[in-house]
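>>> coords below, sequence missing:
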DNA sequence: GTGGAACCGGAGGTCATCTTCCGGTTACCT
DNA sequence: AGGTAACCGGAAGATGACCTCCGGTTCCAC
């Protein structure tokens, strides 16, 4: 996993500081995978084998640490999207991307919540711009390609696509079979067939 | 909305106490609709025009109050399912139910989280049995009927159905168009068509 | 009308979590 | 090796929620 290292703004960190910083990020990442946004600073310190003060030396606030973790996931998602579009034809890139994400979200709460936070511009993290333009463009291209190839319905905005990805994550956390959930989502995103029942099936008007 | 009144275990409440209890539930319901589980007891009291102590007289704990609100929603969902199955033919009952729920979830965070809590047996509320047998049976019947009518794929367990409902709620909160989201879900739940691309579309084996 | 039980109110206790502070320690430069 | 700036640790402070407590008030039975 690509952990973004901070650009050398001032001087390079002292050896012990760099070691500790890495230990902190690694520990936090492990916890983020399980607990998501509700990871605790004390636990991070303990798991890294350090004091809390040291954690706060490197990340002045819990939010700063969370940003690091979210961005790490955003970056790896960008990489995955890139790779998928390179390896797959336009029609099936979306399919593969979604299936991959479904499986990963099943194993990584933090990844799921990273997606949420991008879309929601959440209360906790609204200070920063999480909606990385990169990922946005990447997804937009992928969806557009698929729509032009005629395998994704045209009335699906990127906004809806994102929302559906969040929803998929939630469905998986709620105990659904990831593969099946992804499949339902994919089938649903294709251009619709004729309605299942075209008579007046409901007592009230179903097509309002 | 049906607010379940407690059975007269001892004597009926004094007039002022009954009035206050109703004010509390009404205030809490309003907040639950917006804030979900993260509603705050102080705010409930304030909105009801009462002191915090009074709230705690009627509901000894925040969880107790939450239970009331969740159960209220479970009951109204049962009513909705009942009504839907009475008014619609088996093939379209699921459709109507899901569309209705999608719209409602868009307006009521508490409803969405009530669904979650039933499925997840959440950490916060694991003391009680939220998964009302009634609603469970109702949904089971509805899904089974739809499967027998051939409009819902047979490999969809009730567990997956619940998970998808949760996911739908999340997708709507994340900003998706409720009607569109519901439609995607419904199309996805139908028996699948042939795959969109049956050649070797991806570099790696897509059917593992 | 009156006694008394039930009820109300909101200041303050408790607890969990984030964050700060500063004496002691460590690594880098000459 | 020695000086010093950077760094570490963890106890203590700050914050924000839930919840309790008890003096004052209100309603019901007689």
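It's in. Here the structure is a predicted model, which is why all the values come from computation and not from measurement.
>>> angle of the host helix or strand of residue A:170 against helix B:158-173?
Assessed by DSSP states H and E, residue A:170 sits inside helix A:158-173. For helix A:158-173 against helix B:158-173, the angle by axes from the mean of the first three to the mean of the last three C-alpha atoms, to 10 degrees is 140 degrees.
>>> what residues are up against residue A:154?
A:147, A:191 (C-beta atoms under 8 Å, 6 or more residues apart in numbering or on different chains). The C-beta positions use only the backbone N, C-alpha and C, and glycine is treated the same way.
>>> so where's chain A shaky on pLDDT?
A:1-11, A:119-132, A:196-208 (pLDDT under 70).
>>> quick check, the residue in it closest to DNA strand C?
For chain A, the residue closest to DNA strand C is residue A:15, as judged by C-beta to the nearest atom of the strand, at 2.9 Å.
>>> from residue B:158, how far out is that residue?
As judged by C-beta to C-beta, to the nearest Å, residue A:15 and residue B:158 stand 57 Å apart.
>>> quick one, which of those two is more surrounded?
Between residue A:15 and residue B:158, counted using other C-beta atoms under 10 Å in any protein chain shown, the more crowded position is residue B:158 (13 against 8).
>>> how about the nearest residue to the more buried one, chain neighbours excluded?
residue B:140 (5.4 Å; C-beta to C-beta, 6 or more residues apart in numbering or on different chains).
>>> is the longest helix along chain A in proximity to DNA strand D?
As assigned by DSSP state H, the longest helix anywhere in chain A is helix A:62-87. No - against DNA strand D, helix A:62-87 shows no contacts by C-beta under 7 Å from any atom of the strand, the least distance being 11.8 Å.
>>> ok, residue A:24 to residue A:89 distance?
Counting by C-beta to C-beta - residue A:24 and residue A:89 are separated by 42 Å.
>>> the two: which is more packed in?
Between residue A:24 and residue A:89, counting by other C-beta under 10 Å, residue A:24 is the more crowded of the two (23 against 15).
>>> OK, contacts around the residue nearest the centre of chain A?
A centroid search over chain A (C-alpha atoms, centre = their mean) returns residue A:115, at 3.3 Å, as the residue closest to the centre. By C-beta under 8 Å, 6+ apart, residue A:115 lies in contact with A:105, A:162, A:165, A:166, A:169.
>>> farthest-separated two in those residues?
Greatest spatial distance among the contacts of residue A:115 (C-beta to C-beta): A:105 and A:162, at 13.6 Å.
>>> immediately after the longest helix of chain A, which helix or strand?
Next in sequence after helix A:62-87, counting helices and strands by DSSP H and E, comes helix A:90-107.
>>> quick one on the thing from earlier: tell me the phi and psi of the residue nearest to the centre of chain A?
phi -60, psi -40 (degrees, to the nearest 10).
>>> what parts of chain A come near DNA strand D?
Of all the residues in chain A, those lying near DNA strand D are A:13-14, A:16-17, A:20, A:49-54, A:56-58, going by C-beta under 7 Å from any atom of the strand.
>>> so of those, which ones are in helices?
In helices, defined here by DSSP H, the members of these are A:16, A:17, A:20, A:52, A:53, A:54, A:56, A:57, A:58.
>>> redo those as CSV? Include distance to residue B:152 and neighbour count.
Listed next are these as CSV, based on distance: C-beta to C-beta, whole Å; neighbours: other C-beta atoms under 10 Å in any protein chain shown:
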residue, distance to residue B:152, neighbour count
A:16, 60, 9
A:17, 58, 13
A:20, 54, 20
A:52, 52, 13
A:53, 56, 8
A:54, 55, 18
A:56, 53, 15
A:57, 56, 14
A:58, 52, 21
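>>> would a markdown table of those residues with distance to residue A:81 be doable?
Below are these laid out as a markdown table (distance: C-beta to C-beta, whole Å):
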| residue | distance to residue A:81 |
| --- | --- |
| A:16 | 37 |
| A:17 | 34 |
| A:20 | 33 |
| A:52 | 37 |
| A:53 | 39 |
| A:54 | 35 |
| A:56 | 34 |
| A:57 | 35 |
| A:58 | 30 |
